[in-house]
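1. Show me the folded form of this:
(one chain, ligands or ions: 3)
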Amino acid sequence: MHKVVRWSTVISLSMIFCLTVLEAGVLAKKKRKRRNSQTTVAQRSTPSSPVILIPTSPANDNSVFVGNSDSAKSAGKKTTNRIKSISDTPNVTATAGQLLISEFRVRGPSGANDEFIEIYNNSGADHTVAAVDASSGYGVAASDGTARCVIPNGTVIPNRGHYLCVNSVAYSLASYPAGNGTTATGDATYTTDIPDNAGIAIFNNSTGGGSFSLANRIDAVGSTSEANTVYKEGPGYPALTPFSIDYSFYRDNCGKSGSITTFGLCTINTPKDTDNNAVDFVFVDTNGTSAGAGQRLGAPGPENLSAPIQRVASFQLDSLDPCVGSASPPNRVRDFTSDPANNSTFGTLDIRKTVTNFTGGNVTRLRWRIIDITTFPAPSGIADLRPRTSNAVVVTVDRAPCGSGTSNVTVQGTTLEQPPSQPNGGGFNSSYSSGTVTLATPLANGATLDLRFLLGIQQTGSFKFYVTVDALP
Ligand SMILES: [Ca+2]
Ligand SMILES: [Ca+2]
Ligand SMILES: [Ca+2]
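-> Ligands and ions are numbered 1, 2, ... in the order given. This next block holds a predicted model:
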């Protein structure tokens, strides 16, 4: 039903690339020392209105990205030097907003039981689960008042880490990549269907009954058709027509509520919780289906305890070739070859970057999450981009000191992570893996990786593309 693929018009491309606050400096003062990039951010001219269209070459590079030099480096040092406390403090029960339902669905291609509920640690520190009462942990319940999962007392959810609760009757995303040799299997499972559009909440206890109350609620999400206000925040997300599609609702982690047409930097890079489900959650599916809660191409990305963790502050993303602008080859390459079979009717946009690890230690797993993009169904004048898998290429670059000779470097490809199958290409909330970073071949602290992000173009126009980085030591 609802086919996504509609190739339209022509215009060209321009872009915004992103991650946190990053590469902003590159735009305004690309040849200045990295040290200055952070301060440049505020001064740089952001495309709050659609960028000027240029017919043949993508100009107006507003690439933003992850990590910034000084902050990244200092973050790495702090990590290295931190002395762990040896005092034995009691675990403290999570309060409202410290854990979030960060992504979920209550139906999928395998039917009504193809469900998952992802919990995110938003507390700013590792969290050890400790029920407020004598019960066994935190209950994750649907609005029928029945717990589907309990996160057991003593479970440690790392800062910015996740816990995944799945319906084992029909959950279909267990093979989505997670950590090293692990996939997105449930940390806990259940077998009782959650009705379409029913609310879900996490409580500070698993006692249930009257203990599943507003006062004991840590977070909730429900639709406009959910009657029990304990199980939603605000009026609720727009109720869905229950199609069995590969969809999810995930929390906005850019600050634009999933808008395809809003340009400018992302204002956040972690899940948003304003206690208003209608603006905090973004609906995506792999066909760009209109199901009642907004329409945008994208993919579910369930994350469990083993999944890599967002480390934007500990990486720096620079242009592959620092001696030319980030919108110019070899940093950005526009290929006009039409390739409809690969969602590239108007060719491709190839973005090349150099990432530096400032985590303070080895990185053994690296992936990139798309938090903002122009994609289907973009209106005329705005690019419809389709993230796709790429292979390694050898590229000639100039590097500091500029003008004193070139060298050839291998730019590693990135893999669009599946399942779910993304025959139309990736979109919002899809992820790319840097497959050369592994346990056997880690990226050392201070080391760099040259990599590329390949985007098919189904409609030309102004564009934006922002990612965050997830990593494991
Ligand atoms: Ca269901
Ligand atoms: Ca909340
Ligand atoms: Ca997720």
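
2. Just want the residue of the stretch 51-200 of the chain that's nearest ligand 3.
-> The minimum distance from the stretch 51-200 of the chain to ligand 3, using Cβ to the ion, falls at E103 (4.1 Å). Bear in mind the C-beta positions are built from the backbone N, C-alpha and C, glycine included.

3. Against G137, how distant is that residue?
-> 20 Å (Cβ to Cβ, to the nearest Å).

4. Same check on G403?
-> Counting by Cβ to Cβ, the gap from G403 to G137 is 62 Å.

5. can you check R334 too?
-> 52 Å.

6. Pick out whichever of these two has more residues nearby.
-> When neighbours are counted by other Cβ atoms under 10 Å, R334 and G137 differ, and G137 comes out ahead with 21 against 18.

7. Can I get the helix or strand D219 falls within in PDB, CA atoms only?
-> Assigned by DSSP states H and E, D219 falls within strand 217-221. Taking Å, rounded to 0.1, in the frame of the first residue of the first chain, the C-alpha atoms of strand 217-221 are listed here in PDB:
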ATOM      1  CA  ARG A 217       5.200   7.300  36.700                       C
ATOM      2  CA  ILE A 218       8.700   7.800  35.200                       C
ATOM      3  CA  ASP A 219       7.500   8.300  31.600                       C
ATOM      4  CA  ALA A 220       4.500   7.600  29.300                       C
ATOM      5  CA  VAL A 221       3.400   7.700  25.700                       C
END
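
8. How about that strand and ligand 2, touching?
-> Yes - using Cβ under 5 Å from the ion, strand 217-221 comes into contact with ligand 2 via D219.

9. what does the next helix or strand after that strand rub up against?
-> Using DSSP H and E, the helix or strand that follows strand 217-221 in sequence is strand 247-251. Under the contact criterion Cβ atoms under 8 Å, 6 or more residues apart in numbering, strand 247-251 has outside partners 100, 102-105, 107-108, 116, 120, 221, 237, 240, 271-273, 280-286, 289, 291, 293, 299-302, 429.

10. Name the strands paired with strand 247-251 and say parallel or antiparallel.
-> Sheet pairing here is set by DSSP bridges, and for strand 247-251 it gives strand 99-105 (antiparallel), strand 281-285 (antiparallel).

11. avg pLDDT for the last one?
-> Per-region confidence: strand 281-285 scores 98 on mean pLDDT.

12. Show me the helices in the protein, by range?
-> For the chain, the helices defined by DSSP state H cover 24-29, 37-43, 69-81, 277-280.

13. Residue numbers of the protein in contact with ligand 3?
-> E103, G301, E303.

14. how close does the last one get to T229?
-> Right, E303. Taking Cβ to Cβ, one finds E303 at 28 Å from T229.

15. Give me the more crowded residue out of the two.
-> E303 (27 against 15).

16. residues touching that one, list them.
-> So E303 contacts E103, E118, H162, L164, A178, A184 (Cβ under 8 Å, 6+ apart).

17. next one: I260
-> R296, I373, T374, T375, P377, A378, P379, I382.

18. one more time with 10 Å, if that's ok
-> I260 is in contact with 294-297, 372-379, 382-384, 427-428, 464, counting by Cβ atoms under 10 Å, 6 or more residues apart in numbering.

19. D275 too?
-> A96, G97, D219, A220, K232, E233, G234.

20. can you list the residues that contact stretch 400-411?
-> So stretch 400-411 is contacted by 31, 320-324, 330, 350, 352-354, 390-399, 436, 448-452 (Cβ under 10 Å, 6+ apart).

21. For this structure, which residues score under the pLDDT cut-off?
-> 1-89 (pLDDT under 70).

22. rewinding a little: neighbouring strands - and their directions - for the strand holding D219?
-> Here, using DSSP bridges, strand 217-221 pairs with strand 200-203 (antiparallel).

23. and the partner strand, C-alpha only, in CSV?
-> Only the C-alpha atoms of strand 200-203 are listed here, as CSV (Å, rounded to 0.1, in the frame of the first residue of the first chain):
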residue,chain,number,x,y,z
ILE,A,200,2.4,2.7,27.6
ALA,A,201,4.1,3.8,30.7
ILE,A,202,7.1,3.0,32.9
PHE,A,203,6.7,3.1,36.6
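
24. For it, list every residue counted as buried.
-> Of the residues in strand 200-203, I200, A201, I202, F203 count as buried by neighbour count, 16 or more other Cβ atoms under 10 Å.

25. Of the residues you listed, which is the nearest to F263?
-> Using Cβ to Cβ, I200 comes nearest to F263 of those, at 32.9 Å.
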